[in-house]
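Visitor: build the 3D model from these lines:
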Amino acid sequence: MARKYFEPTPEMDSLLTRAGSMNKEESLAATAELAKALEIPLRKGVMSGDILDGIFEAIRLGPGATAEFPLDFLAPGTEKEFVAYTIPNHGRIPERHVEGDYVMVPTYDVGASIDWLLKYARDARWDVVGRAMDVLQSSFVKKMNDDGWHTLISAGADRNVMIYDGDATAGVFSKRLVSLMQVIMRRNGGGNSTSINFGTLTDLYMSPEGHEDIRNWGVDEVDPVTRRELIVSDGGLLTRIFNVNLHVLDELGESQEYEQYYETDLSGSLPSTKKEIVVGLDLRNLDSFVMPVRAPVEIWEDDTLHRQRRAGLYGWAEHGFAALDTRRVLLGAF
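Guide: Below is the predicted model of the structure:
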């Protein structure tokens, strides 16, 4: 069954048909209207379709505003514990910054484009044009996902702390790994037992294979009732252990994109008995991970394609990513 994107109104059909006109002026005028009509839903789709949801706080910068964020030092002598990771330019590996009292987060431009044959617009083929919108949206989402997770993994790697369960079989995710990461996150998160912002492991991101290991936990890991639920319940997987939320990322896992980024680009290493990383975050206070946005996604018509009997859209955005306190990130391995 063909995918149904939405129910276009007669006005939208007319607009798309005019965008496919052989008359250049009419086509460009209609495509410009189409670009603006699709900008808001596309912008919403970019923000809701990412795998950074709930991690980075998007902060819209006003005209002339600087992306400056304070770093809160708890006590003299702890300055070296407060480091920030930012992406300094488009496509570059995140860099480490140590600041006296604030950090400047650079923003950079991201662009994407898509086009289609005029005949599809002329015939009001919203299935084709809708698919083109999906591709344009996914281009922005992919770039945001990669830049955000590269920042997080770089911040975690910089701590030079790798948590693992030495008793667990290589490549098998264990319940004890969660416990160990909880303890280390707290012990190395600053403050003491009465501090408001002491470190707490709230979310753990792992590969599908690691998450699937939960289904095979034996009686030494969980009780018989829980094991039955893992088999018969919808989805058959736990999503929360010890008050830690579990998330699955396809980009994590052996030979997968973010695993290769950690091992190849960052020259990160794993314990000899372990095969892949997990990423633990402290999202309780949302005081570290920021995404300053200088310009949200803007979409424009491409006026250079008509002679090729094509129409298209292009867009750009300007934003940045930063992890202001690396103690809110912790890497583990299994």
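Visitor: shaky segments in the chain?
Guide: Judged by pLDDT under 70, the chain has its weakly predicted residues at 1-6, 45-51, 71-83, 90-92, 96-101, 189-198, 229-231, 233-238.
Visitor: longest helix anywhere in it?
Guide: Secondary structure assigned by DSSP state H gives helix 126-158 as the longest helix of the chain.
Visitor: pull up the pairing partners for the following helix or strand past that helix, direction included.
Guide: Moving toward the C-terminus from helix 126-158, the next helix or strand (DSSP states H and E) is strand 162-164. Paired with strand 162-164 in the same sheet, following DSSP bridges, are strand 329-333 (parallel).
Visitor: state the distance from Lys274 to Ser288.
Guide: Computed with Cβ to Cβ, to the nearest Å, the distance linking Lys274 and Ser288 is 26 Å. (Glycine included, C-beta is placed from N, CA and C.)
Visitor: and these two? Which one has more around it.
Guide: Neighbours per residue (other Cβ atoms under 10 Å) separate Lys274 from Ser288, with Ser288 holding more: 25 against 20.
Visitor: doesn't Asp325 make contact with that one?
Guide: Yes. Under the criterion of Cβ atoms under 8 Å, Ser288 makes contact with Asp325 at 4.2 Å.
Visitor: domain ranges for the protein?
Guide: Per the record, the chain has its domains at 10-152+298-323, 160-288+326-333, by automatic domain parsing.
Visitor: show me the helices in this protein, by range?
Guide: Taking DSSP H to define them, one finds helices in the chain at 10-19, 24-48, 118-122, 126-158, 175-187, 208-213, 224-232, 257-260.
Visitor: name the helices or strands packed onto the second one?
Guide: If contacts are counted by 3 or more Cβ pairs under 8 Å, 6 or more residues apart in numbering; DSSP states H and E, helix 24-48 sits against helix 10-19, helix 126-158, strand 289-301, strand 310-319.
Visitor: gap between the residue lying farthest from the centre of the chain and Lys142?
Guide: Each residue of the chain has a distance to the centre, and by Cα atoms, centre = their mean the biggest one is for Asn23: 41.9 Å. Between Asn23 and Lys142 the distance, using Cβ to Cβ, works out to 36 Å.
Visitor: same check, this time on Thr264
Guide: 19 Å.
Visitor: these two: who's more crowded?
Guide: Set side by side, Thr264 and Lys142 show unequal neighbour counts under other Cβ under 10 Å, the larger going to Lys142 at 13 against 9.
Visitor: for Gly62, phi and psi?
Guide: phi -80, psi 170 (degrees, to the nearest 10).
Visitor: for it, the count of nearby residues, please.
Guide: The local packing of Gly62 (other Cβ under 10 Å) involves 6 other residues.
Visitor: same check on Thr9?
Guide: Other residues within reach of Thr9 by the criterion other Cβ under 10 Å amount to 9.
Visitor: sorry, back to before: of the helices of the chain, which is nearest Tyr164?
Guide: Distances from Tyr164 to each of the helices of the chain were compared using Cβ to Cβ; the shortest belongs to helix 175-187, at 6.7 Å.
Visitor: CA atoms only for that closest one - export them in CSV, please.
Guide: Extracted as CSV, the C-alpha positions of helix 175-187 are listed here (Å, rounded to 0.1, in the frame of the first residue of the first chain):
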residue,chain,number,x,y,z
LYS,A,175,22.1,-5.5,34.9
ARG,A,176,25.2,-4.9,37.0
LEU,A,177,26.7,-2.5,34.4
VAL,A,178,23.8,-0.2,35.1
SER,A,179,24.5,-0.3,38.8
LEU,A,180,28.2,0.4,38.3
MET,A,181,27.5,3.4,36.1
GLN,A,182,25.0,4.8,38.6
VAL,A,183,27.7,4.6,41.3
ILE,A,184,30.4,6.2,39.2
MET,A,185,28.1,8.9,37.9
ARG,A,186,27.4,9.9,41.5
ARG,A,187,30.9,9.6,42.8
